[in-house]
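A.B. asks: Any chance you could fold what I've pasted below:
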Amino acid sequence: MSDGVSQARYVVYVADSDPAGADETDVDFAVRICTEITGLVRTLAERDADKPAALWILTRGVHESVAPSALRQSFLWGLAGVIAAEHPELWGGLVDLAINDDLGEFGPALAELLAKPSKSILVRRDGVVLAPALAPVRGEPARKSLQCRPDAAYLITGGLGALGLLMADWLADRGAHRLVLTGRTPLPPRRDWQLDTLDTELRRRIDAIRALEMRGVTVEAVAADVGCREDVQALLAARDRDGAAPIRGIIHAAGITNDQLVTSMTGDAVRQVMWPKIGGSQVLHDAFPPGSVDFFYLTASAAGIFGIPGQGSYAAANSYLDALARARRQQGCHTMSLDWVAWRGLGLAADAQLVSEELARMGSRDITPSEAFTAWEFVDGYDVAQAVVVPMPAPAGADGSGANAYLLPARNWSVMAATEVRSELEQGLRRIIAAELRVPEKELDTDRPFAELGLNSLMAMAIRREAEQFVGIELSATMLFNHPTVKSLASYLAKRVAPHDVSQDNQISALSSSAGSVLDSLFDRIESEPPEAERSV
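C.D. replies: Down below sits the predicted model:
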């Protein structure tokens with residue numbers, strides 16, 4: 001397969017629909033498929049710029065997510081957005097076919113799609129190709145505001161984290177009298193809660209629990225790995241033995257991040273991120289089937305929608321949550337996946353500098369806890385399985401900005417002589433890279449490898465964005481690692497912005513030029529697509 005991939009003009013990955021064996025869980029499946037696809041991306045990213053390729057992914061039935069096989073593949077939608085953001089030069093798109101579509105009959109339609117890379121996710125049903133669009137939640141609410149039962153208990157996974165404890169307080173405001181908060185790290189015995197030796201984080205958790213108890217809420221803090229079926233079964237069995245109140249609502253807030261570029265992702269790192277999200281949600285889904293609880297909230301991330309660079313595993317895991325919410329909702333359960341942007345200074349967002357920078361670049365921002373809960377309460381009144389909670393920028397084009405104005409080259413490279421192009425590129429790149437590395441521009445040796453200057457992946461992303469604005473085309477996330485000096489990078493970009501072979505230039509442009517990222521296109525469509533538009537999916 002490696003030889004074929006290294007030479008092919010189009011690479012189409014047809015996702016498996018079934019596990020490799022009876023013991024392969026959804027997490028195992030996702031890790032295996034993710035590893036295969038990242039290997040493809042790595043191979044294609046190493047190809048010369050004059051031998052472009054387009055990677056397409058085919059899934060089946062993910063839009064509806066009714067069948068287990070469709071749910072299993074759903075993580076690919078989130079991964080696709082990150083591949084598009086990190087490697088626009090090789091990304092073709094993702095097509096979701098109906099679960100019973102015949103691939104042989106789809107051949108001619110596929111050939112037509114391949115000729116026009118979409119850079120997005122497409123859903124093909126009955127010969128019609130649909131495209132994704134965000135739509136505002138409007139109209140009359142379909143249900144009353146959430147009120148918890150006084151005689152029931154409510155489970156929050158990740159409940160001892162910063163966000164989980166805020167959510168516990170939120171449920172208490174809605175009448176919850178009993179809360180079960182789980183986390184992988186146990187709290188010390190209550191007899192030790194007064195010790196001065198407790199660290200700041202433990203003290204914060206204990207203080208939050210005591211504040212809840214002062215309000216009359218019974219709090220049960222349990223050390224449990226939600227991705228481990230045995231841990232959850234043991235928790236429920238113990239509650240049954242003790243005659244504890246039944247659990248009537250779930251908030252699944254467990255999760256971790258491990259930011260890596262797609263080409264650097266390893267199986268172990270992918271599993272670490274997917275375990276609490278995919279594994280945990282599947283365990284909870286089995287333990288609390290539709291009809292057994294009043295609500296089932298999945299705290300997901302907008303990374304799965306907007307394609308945030310560096311968050312391939314995290315975006316993939318959160319897309320699985322979106323699909324699970326759709327599946328449970330269709331079975332009559334009040335299930336919702338909440339795709340948050342970063343909560344200001346809290347939880348996984350506290351160290352997510354890149355996420356904040358991407359949001360700022362698009363004219364959006366993080367949200368305060370107050371904004372998050374206000375949005376949650378609002379959208380919970382509507383019959384939606386998935387809600388994207390994000391402060392929106394002004395309508396694209398209102399001030400001359402937006403996706404169509406995103407990449408404006410600093411120079412008209414096509415009319416410049418080759419030597420002038422090289423010189424301008426070296427000067428501009430030297431300025432951009434020196435500023436990011438915080439070294440004097442005059443001291444930046446154009447032949448010195450960036451790695452020796454302390455370049456990391458976060459810096460590389462920032463430099464890439466600045467370079468995109470400078471040259472006027474989308475660039476690969478691995479560009480600085482493949483061309484690791486100012487001179488080699490300038491030489492590479494000279495071929496991209498002012499190629500001598502016009503026909504070759506047209507080939508490359510067909511793959512690499514687009515009006516911004518997945519986030520740009522989604523923002524643009526919000527104002528242009530009515531919520532009831534049939535082309536929205």
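
A.B. asks: any weak-confidence spans in the stretch 1-150 of the chain?
C.D. replies: Within the stretch 1-150 of the chain, the ranges that satisfy pLDDT under 70 run 1-6, 49-50, 116-119.

A.B. asks: mind running it again at 50?
C.D. replies: Filtered on pLDDT under 50, the stretch 1-150 of the chain yields the residue ranges 1.

A.B. asks: So residue 149 is in contact with residue 248, correct?
C.D. replies: Yes: using Cβ atoms under 8 Å, residue 149 is in contact with residue 248, at 5.8 Å. Using the backbone N, CA and C atoms, a C-beta is placed for each residue, glycine as well.

A.B. asks: the domain parsing of this structure - what is it?
C.D. replies: The chain breaks down by automatic domain parsing into domains covering 2-130, 407-514.

A.B. asks: now, of those, which is deepest in the fold?
C.D. replies: Among the domains of the chain, the stretch with the highest mean neighbour count (mean count of other Cβ atoms under 10 Å) is domain 2-130, at a mean of 18.

A.B. asks: So residue 379 sits against residue 386, correct?
C.D. replies: No: applying Cβ under 8 Å as the test, residue 379 and residue 386 come out as separate, 9.8 Å apart.

A.B. asks: Tell me which of the two has more neighbours.
C.D. replies: residue 386 (21 against 17; other Cβ atoms under 10 Å).

A.B. asks: shaky segments in the stretch 301-450 of the chain?
C.D. replies: Applying pLDDT under 50 to the stretch 301-450 of the chain flags the ranges 350-351, 394-408.

A.B. asks: got any residues that touch both of residue 379 and residue 386?
C.D. replies: Counting by Cβ atoms under 8 Å, 6 or more residues apart in numbering, the common neighbours of residue 379 and residue 386 are residue 336.

A.B. asks: Mutual contacts of residue 149 and residue 248, please.
C.D. replies: Common neighbours of residue 149 and residue 248 (Cβ under 8 Å, 6+ apart) are residue 294.

A.B. asks: And the two? Which one has more around it.
C.D. replies: The neighbour comparison of residue 149 against residue 248 (other Cβ under 10 Å) goes to residue 248, with 19 against 16.

A.B. asks: Let me see the contact set for the residue nearest to the more buried one when sequence neighbours are not counted.
C.D. replies: Spatial nearest neighbour of residue 248, excluding adjacent residues (Cβ to Cβ, 6 or more residues apart in numbering): residue 152 at 3.7 Å. Residues near residue 152 by Cβ under 8 Å, 6+ apart: 176, 178, 245-249, 294.

A.B. asks: Kindly report the same for residue 146.
C.D. replies: The contact partners of residue 146, by Cβ under 8 Å, 6+ apart, come to 174, 295, 377, 380.

A.B. asks: do that again at 7 Å, thanks
C.D. replies: Neighbour list for residue 146: 174, 295, 380 [criterion: Cβ atoms under 7 Å, 6 or more residues apart in numbering].

A.B. asks: Count the residues that sit near the last one.
C.D. replies: Pointing back at residue 380 there. 20.

A.B. asks: and it, what is it in contact with?
C.D. replies: By Cβ under 7 Å, 6+ apart, the residues touching residue 380 are 146, 336.

A.B. asks: 6 Å instead, please
C.D. replies: Listed by Cβ atoms under 6 Å, 6 or more residues apart in numbering, the contact partners of residue 380 are residue 146.

A.B. asks: same question, the first one
C.D. replies: Residue 174 makes contact with 146-148, according to Cβ under 6 Å, 6+ apart.

A.B. asks: any idea which of these is closest to residue 368?
C.D. replies: The closest of those to residue 368 turns out to be residue 146 (Cβ to Cβ; 20.3 Å).

A.B. asks: what's the closest of the domains of the chain to residue 326?
C.D. replies: domain 2-130 (4.4 Å).

A.B. asks: How far does the closest one sit from its chain's centre?
C.D. replies: In terms of Cα atoms, centre = their mean, to the nearest Å, the gap separating the centre of domain 2-130 from the centre of its chain is 16 Å.

A.B. asks: do stretch 184-204 as well
C.D. replies: Between the centre of stretch 184-204 and the centre of its host chain there is 33 Å, according to Cα atoms, centre = their mean.

A.B. asks: What residues sit buried inside it?
C.D. replies: For stretch 184-204, burial by neighbour count (16 or more other Cβ atoms under 10 Å) applies to 184, 187, 193, 198, 202.

A.B. asks: least confident pick among these?
C.D. replies: Across the buried residues of stretch 184-204, the smallest pLDDT goes to residue 198, namely 83.

A.B. asks: before we move on, what SS does that one have?
C.D. replies: Secondary structure assignment for residue 198 (DSSP: H, G, I helix; E, B strand; the rest coil): coil.

A.B. asks: how close does residue 293 get to residue 136?
C.D. replies: 28 Å (Cβ to Cβ, to the nearest Å).

A.B. asks: Who has more neighbours out of the two?
C.D. replies: It is residue 293, of residue 293 and residue 136, that has more neighbours when counted by other Cβ under 10 Å, with 22 against 10.

A.B. asks: For the more buried one, give me its contacts.
C.D. replies: Residue 293 touches 248-250, counting by Cβ under 6 Å, 6+ apart.

A.B. asks: can you do 7 Å?
C.D. replies: Contact analysis of residue 293 by Cβ under 7 Å, 6+ apart lists 247-250.

A.B. asks: Angles on the backbone of residue 204, please.
C.D. replies: The phi and psi values for residue 204, taken as degrees, to the nearest 10, are phi -60, psi -40.

A.B. asks: could you show me where the helices are in the stretch 351-500 of the chain, in order?
C.D. replies: Secondary structure of the stretch 351-500 of the chain (DSSP state H, counting those that start in this stretch): helices at 353-361, 369-379, 418-437, 457-471, 479-482, 486-497.

A.B. asks: Then the stretch 151-300 of the chain?
C.D. replies: Applying DSSP H, counting those that start in this stretch to the stretch 151-300 of the chain gives helices spanning 162-173, 200-214, 229-242, 267-274, 280-287.

A.B. asks: Just the C-alpha atoms of the fourth one, please, in PDB.
C.D. replies: Listed in PDB are the C-alpha atoms of helix 267-274, where the atom choice follows Å, rounded to 0.1, in the frame of the first residue of the first chain:
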ATOM      1  CA  GLY A 267      -1.500   4.900  19.000                       C
ATOM      2  CA  ASP A 268      -0.800   5.300  22.700                       C
ATOM      3  CA  ALA A 269      -1.400   9.100  22.700                       C
ATOM      4  CA  VAL A 270      -4.600   8.600  20.700                       C
ATOM      5  CA  ARG A 271      -5.900   6.000  23.100                       C
ATOM      6  CA  GLN A 272      -5.100   8.200  26.100                       C
ATOM      7  CA  VAL A 273      -7.400  11.000  24.800                       C
ATOM      8  CA  MET A 274     -10.100   8.700  23.400                       C
END
